[in-house]
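J.: A predicted structure for the sequence below; I have some questions about it.
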Amino acid sequence: MGYGATHSCRIVRVGMGTAETTALQATIALTRFHEPDRLLEAALMSLSAQVDIVAEVLLLDQNPSAAIRSRCQKMNLETVRFRYEAIPAKSLSFARNLAIDKAAAPVVLFMDADAVAEPNWALALYDALRTEHVGMVGARILPNWHRRPPLITKSLVVQDQYSIFNLGPQTLPFHRVVGAGFGLHRDRLGREAYFDERLGRREGSLLGGEETELSRRVSALGLDILYAGDAIIRHQIPPERASYGWILRRLFYAGVSRAMIGGSPSPSRAMNLWDFLVLPFVLPPYALGYLFGRRKARALNADKAHVHSR
């Protein structure tokens, strides 16, 4: 794919008998796998309310819906345009890579289909990405629980499993972004503007880690990664995910993801008191997943070596 290609697009606004063209500033990529229409509609409505930015919303739908397609066609505004495409149901990383390739702007913002953006979200990420030498920017991600969460969600390690990411209102350097809402500058990343399709959510799997793996490559390019505390997004957490069973399963896949990315397991930020209290609950599924992931990574590497030797 031509991830490093330069695209140009202009939005035409007509008024007082004259046509005025405004350069597109950002592509907002929204990818849906199995999220229900009601959550996706909430995401779309929040994007239609973005302020002070000229953007296109590119919805790549792996669960095609005539109702959602129709909604996108009716939501076009002066400065926010909606583009709907049905794509094969493969994985989140596949859909994101396709979005990078299809994006009409070099600044590409990603939002999960089960998230809701504050009106300033896109502008805050865009402004941060305009800073020289910045390759990626992460958002402030707050939870919207649909039922009372388990007590252990006070642990930062457990919050990571829900893509909750709150470092406060300030903008500061950080070593990675979190998937529910973030952005990248495709032109600065060049050939590295892609997600590893071995990682990321897919049918029957809660694999993650694709944003962390990309963050590592962005840092290796010598580019900065920022956290923008004024880019606020709210992650919808349905009742079925507010359970100990879901947390255990997600921790197992977190271990798998870590092993496949490589490196030793370590917390992504300083642990709080609750992290230490829940260690007996957190460590067994994570360690089991890590061991499983190492075996899987070795098998994949062996397959690659076999193919190259032929």
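T.: Perfect, I can see it now. A quick note: this is a predicted structure, and the numbers were derived from the prediction, not measured. Numbering: from 1, shown residues only.
J.: so what sits opposite residue 83 in the bridge?
T.: Residue 83 has these beta-bridge partners by DSSP bridges: residue 58.
J.: where's it relative to residue 299, distance?
T.: To residue 299, residue 83 is 39 Å away according to CB to CB, to the nearest Å. In this view, the C-beta of every residue, glycine as well, is placed from N, C-alpha and C.
J.: so between these two, which is more surrounded?
T.: residue 83 (15 against 10; other CB atoms under 10 Å).
J.: return the per-residue confidence for the more buried one.
T.: Predicted confidence (pLDDT) for residue 83: 96.
J.: how close does it sit to residue 156?
T.: 37 Å.
J.: go on, residue 298?
T.: Counting by CB to CB, the gap from residue 298 to residue 156 is 30 Å.
J.: the more surrounded of the two?
T.: Using other CB under 10 Å, the more surrounded residue of residue 298 and residue 156 is residue 156, with 18 against 11.
J.: which residues does the more buried one contact?
T.: Counting by CB atoms under 8 Å, 6 or more residues apart in numbering, residue 156 touches 267, 269, 271, 272, 274, 275.
J.: next one: residue 154
T.: 272, 274.
J.: 7 Å instead?
T.: residue 274 (CB atoms under 7 Å, 6 or more residues apart in numbering).
J.: can you check residue 213 too?
T.: Neighbour list for residue 213: 196, 199, 261 [criterion: CB under 7 Å, 6+ apart].
J.: check which helix or strand it maps to.
T.: Assigned by DSSP states H and E, residue 213 belongs to helix 210-220.
J.: how about residue 248?
T.: For residue 248, the enclosing helix or strand under DSSP H and E is helix 244-261.
J.: chain center to the following helix or strand past that helix: distance?
T.: Moving toward the C-terminus from helix 244-261, the next helix or strand (DSSP H and E) is helix 273-277. Remark: helix 273-277 is offset 27 Å from the chain centroid, using CA atoms, centre = their mean, to the nearest Å.
J.: could you do stretch 135-152 as well?
T.: The answer for stretch 135-152 is 13 Å, by CA atoms, centre = their mean.
J.: since we're on residue 262, how many residues are nearby?
T.: Residues near residue 262, counting by other CB under 10 Å, number 11.
J.: if you skip the residues just before and after it, what's nearest to it?
T.: residue 297 (7.6 Å; CB to CB, 6 or more residues apart in numbering).
J.: follow-up on the earlier one: can you put the contacts of residue 213 in TSV and add neighbour count, distance to residue 102 and pLDDT?
T.: Below are those laid out as TSV (neighbours: other CB atoms under 10 Å; distance: CB to CB, whole Å; pLDDT from 0 to 100):
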residue	neighbour count	distance to residue 102	pLDDT
196	16	19	96
199	23	21	94
261	18	26	91
